[in-house]
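*Asks:* coordinates only, no sequence provided:
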Ligand SMILES: Nc1ncnc2c1ncn2[C@@H]1O[C@H](COP(=O)(O)OP(=O)(O)OP(=O)(O)O)[C@@H](O)[C@H]1O
Ligand SMILES: O=C(O)[C@H]1CSC(c2nc3ccc(O)cc3s2)=N1
Ligand SMILES: [Mg+2]
């Protein structure tokens, strides 16, 4: 770990990026094209539901034809915006790569959004071209027709179009494009640091999602993630992709898999039996995870019915994962490596990543190449040294360009020196391994103590009678806030509020005990990237206690 201590600053730096990172490519499109040309014709993606396959050469050939077709028939220009509103399915990477080959920006959007959320997301990125899957076509096309002033073309995945002439079937459009020799296909150079490649919606955990602009340079910088990890794979990785591609974590790992010539088994959503049977049937060795899926592996009885011995590495991120859950999973399914990572939509992919040789329990790993970090005291603003918790700031080639249409929020998030403030509290140890405590906004203020809800949730999850838990602060005149737990019991168990409070009291210091009580609920509200929607739990506090 390099640490410059100039002007008593503690600034940490990751390894320098590989010198030939962009491989002399003038644009992201050329960078991706060159890697695809090298990938030969292995299988790229298998649909885990239908077993249909997309081979690397088919991806390359169709993406180029689609790029040319969008340019000539849909008037898609460099700098234009393409929306993709779809679950993980084989057409997604074709539309994604075609857009990059046309130097357009891609705005993947969550297909389960409500109408209000769709309206918000569409008006953030204002796509000219929209790719829609049948799953949400009814609602999305109705929304799109209200925004014809920017949405000029709608393409529908699947094999039937009940929506009329202003919607074109993706396969029909592709069929009418002409074949192009990939070796002579040209993509104009761009200003990598300025040209927007992705407009990602943040998860909307702390409010309405923001439109995060990631540049072509950001995406190129993030591609090294799997090449670093793959170097230490014992077997060529078969990756299971259940993380949604409309979210930064899923989309950038999809690009990572393709750039590193790996095989990906894609799932349109998490369904318990399908998830486990895909791992067993396709012998998946590498699975990107979010904590709720880790808790599922740790506790669900169904897991015992499947052979998961092919798993070599679980790579978990997007929300807090406790070392206790990590230990439970390791013990139960004997997986060799559980590697955590930490990232934000604003940092493209992970800023911090564990590797096979640096993975202390509970840590989220060390700095990514090309990245710098500092920890700032939340009271004084002073820079902090090892083992001192403060707000994490990052700088480097994966830091976003800014929030689309929101200069003010951008300037409040990235300062004039390029430092991005995360709103997350954590620290690094003497070896430069980082530990995340919680979000600044979520800390419970109990009698002057800052109580991290994630820590109490981690304790609760070690109780075999508890399936899930979410902790928030109950407003209290005397103490400020009282830690209160929403608890989901395992099916068929008996558990009282007092038992839960005693369980925590036996394992936590006084400030972290459940002074606000316990409420039993059927489920904990979370978003697709596995984050607890604590603002929804706080809303539940205001409702009168239901007699459960
Ligand atoms: N390994 C991790 N451990 C703990 N928290 C994590 C980890 N990885 C990511 N996070 C959390 O996820 C956040 C980034 O999530 P994302 O960019 O998807 O949107 P969000 O911050 O949840 O939502 P929004 O910004 O819209 O309110 C980080 O700021 C951090 O709080
Ligand atoms: O939490 C999020 O919104 C997303 C944005 S990208 C991200 C992560 N990326 C990685 C990559 C590897 C890894 O081990 C963990 C994470 S979390 N988190
Ligand atoms: Mg955020």
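*Replies:* Structure's in. What do you need? Computed from a prediction, not measured in an experiment: that's the story for all the values here. Ligands and ions are numbered 1, 2, ... in the order given.

*Asks:* please enumerate the helices of the stretch 51-200 of the chain.
*Replies:* Taking DSSP state H, counting those that start in this stretch to define them, one finds helices in the stretch 51-200 of the chain at 56-73, 91-101, 115-125, 137-145, 170-176.

*Asks:* packing partners for the helix or strand hosting residue 408?
*Replies:* Using DSSP states H and E, residue 408 maps to helix 407-413. Here helix 407-413 touches strand 402-403, going by 3 or more CB pairs under 8 Å, 6 or more residues apart in numbering; DSSP states H and E. Any C-beta I mention is one placed from the backbone N, CA and C, and that applies to glycine too.

*Asks:* now the next helix or strand after the helix holding residue 408: average pLDDT?
*Replies:* Counting by DSSP H and E, the next helix or strand C-terminal to helix 407-413 is strand 420-428. Taken as a whole, strand 420-428 has a mean pLDDT of 97.

*Asks:* just how off-centre is strand 420-428 within its chain?
*Replies:* Chain-centre distance of strand 420-428: 17 Å, with CA atoms, centre = their mean, to the nearest Å.

*Asks:* what about it, near ligand 1?
*Replies:* Yes - under the criterion of CB under 6 Å from any ligand atom, ligand 1 is reached by strand 420-428 at 422, 424.

*Asks:* what angle sits between the next helix-or-strand element following that strand and strand 420-428?
*Replies:* Using DSSP H and E, the helix or strand that follows strand 420-428 towards the C-terminus is strand 434-439. Relative orientation of strand 434-439 versus strand 420-428 (axes from the mean of the first three to the mean of the last three CA atoms, to 10 degrees): 120 degrees.

*Asks:* what pLDDT, on average, does strand 434-439 get?
*Replies:* Strand 434-439 shows a mean pLDDT of 95.

*Asks:* now stretch 328-341
*Replies:* 93.

*Asks:* ranges for the strands of the stretch 301-450 of the chain?
*Replies:* Under the criterion DSSP state E, counting those that start in this stretch, the stretch 301-450 of the chain contains strands at 313-316, 337-343, 350-353, 366-367, 371-376, 390-396, 402-403, 420-428, 434-439, 444-446, 449-451.

*Asks:* most tightly surrounded among these?
*Replies:* Most buried of the strands of the stretch 301-450 of the chain, by mean neighbour count (mean count of other CB atoms under 10 Å): strand 350-353, with a mean of 28.

*Asks:* from the chain's centroid, how far away is stretch 48-68?
*Replies:* Stretch 48-68 sits 23 Å away from the centroid of its parent chain (CA atoms, centre = their mean).

*Asks:* stretch 402-417 close to ligand 1?
*Replies:* No - residues of stretch 402-417 are not located near ligand 1 by CB under 6 Å from any ligand atom, the shortest gap being 9.8 Å.

*Asks:* stretch 213-224 spans what distance, first to last residue?
*Replies:* In stretch 213-224, first residue to last residue: 20 Å (CA to CA, to the nearest Å).

*Asks:* need the contact partners of that stretch.
*Replies:* If you take CB atoms under 8 Å, 6 or more residues apart in numbering as the criterion, stretch 213-224 is touched by 17-18, 21-22, 27-28, 31, 105, 190, 192-200, 248, 252, 255-256, 259-260, 348-349, 368-370, 396-404.

*Asks:* if you set the cut-off to 6 Å instead, what comes out?
*Replies:* By CB atoms under 6 Å, 6 or more residues apart in numbering, the residues outside stretch 213-224 that reach it are 22, 28, 31, 190, 192-193, 195-199, 252, 256, 259, 348-349, 370, 397-398, 400-402, 404.

*Asks:* of those residues, buried ones?
*Replies:* If you count burial by 16 or more other CB atoms under 10 Å, the buried members of the contacts of stretch 213-224 come out as 22, 28, 31, 190, 192, 195-199, 252, 256, 259, 348-349, 370, 397-398, 400-402, 404.

*Asks:* out of those, which are close to ligand 2?
*Replies:* residue 349.

*Asks:* tell me how far the closest residue to ligand 2 within the stretch 351-500 of the chain lies from residue 364.
*Replies:* As assessed by CB to the nearest ligand atom, ligand 2 sits closest to residue 353 within the stretch 351-500 of the chain, at 5.3 Å. As for residue 353, its distance to residue 364 is 8 Å (criterion: CB to CB, to the nearest Å).

*Asks:* rewinding a little: off-centre distance for the helix holding residue 408?
*Replies:* The chain centre lies 22 Å from the centre of helix 407-413; the measure is CA atoms, centre = their mean.

*Asks:* what average pLDDT does that helix get?
*Replies:* The model assigns helix 407-413 a mean pLDDT of 96.

*Asks:* mind listing what the residue of the stretch 51-200 of the chain found nearest ligand 1 touches?
*Replies:* Distance from ligand 1 to each residue of the stretch 51-200 of the chain (CB to the nearest ligand atom) is smallest for residue 200, at 8.0 Å. With contact taken as CB under 6 Å, 6+ apart, residue 200 is in contact with 212, 248, 345.

*Asks:* among the residues you listed, which are in reach of ligand 2?
*Replies:* 248, 345.

*Asks:* redo the strands of the stretch 301-450 of the chain as JSON lines? Include distance to residue 119.
*Replies:* Below are those laid out as JSON lines (distance: least, CB to CB, whole Å):
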{"stretch": "strand 313-316", "distance to residue 119": "33"}
{"stretch": "strand 337-343", "distance to residue 119": "27"}
{"stretch": "strand 350-353", "distance to residue 119": "31"}
{"stretch": "strand 366-367", "distance to residue 119": "38"}
{"stretch": "strand 371-376", "distance to residue 119": "35"}
{"stretch": "strand 390-396", "distance to residue 119": "32"}
{"stretch": "strand 402-403", "distance to residue 119": "18"}
{"stretch": "strand 420-428", "distance to residue 119": "26"}
{"stretch": "strand 434-439", "distance to residue 119": "27"}
{"stretch": "strand 444-446", "distance to residue 119": "34"}
{"stretch": "strand 449-451", "distance to residue 119": "37"}
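
*Asks:* quick one: which of the ones you listed is nearest residue 542?
*Replies:* In terms of CB to CB, the element of the strands of the stretch 301-450 of the chain nearest to residue 542 is strand 444-446, at 16.6 Å.

*Asks:* figure out how far stretch 266-275 is from the centre of its chain.
*Replies:* 17 Å.

*Asks:* give the buried residues for that stretch.
*Replies:* Of the residues in stretch 266-275, those buried (16+ other CB under 10 Å) are 266, 267, 268, 270, 275.

*Asks:* distance of residue 462 relative to ligand 1?
*Replies:* Residue 462 sits at a distance of 18 Å from ligand 1 (criterion: CB to the nearest ligand atom, to the nearest Å).

*Asks:* list the beta-bridge partners for residue 265.
*Replies:* In this entry, residue 265 is beta-bridged to residue 46, residue 240, by DSSP bridges.

*Asks:* now do it, the pLDDT please.
*Replies:* So residue 265 comes in at 98 (pLDDT).

*Asks:* so what sits against both of residue 353 and residue 364?
*Replies:* Contacts common to residue 353 and residue 364, judged by CB under 6 Å, 6+ apart, are absent.

*Asks:* on that earlier part again, if we take the buried residues of stretch 266-275, which one ends up nearest to ligand 2?
*Replies:* Using CB to the nearest ligand atom, residue 270 comes nearest to ligand 2 of the buried residues of stretch 266-275, at 16.2 Å.

*Asks:* the closest one: what secondary structure?
*Replies:* Under DSSP: H, G, I helix; E, B strand; the rest coil, the three-state class of residue 270 is coil.

*Asks:* got the contact list for it?
*Replies:* Listed by CB under 6 Å, 6+ apart, the contact set of residue 270 reads residue 242.

*Asks:* which bits of this protein sit near ligand 1?
*Replies:* Counting by CB under 6 Å from any ligand atom, the chain sits next to ligand 1 at 202-207, 209-210, 317-320, 340, 342-345, 364, 422, 424, 436, 439, 529, 531.

*Asks:* just the buried ones from those, in PyMOL syntax?
*Replies:* Buried residues among the residues of the chain next to ligand 1 (16+ other CB under 10 Å), as a PyMOL selection:
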select buried, resi 202+203+204+205+206+209+210+317+318+319+320+340+342+343+344+345+364+422+424+436+439+529+531
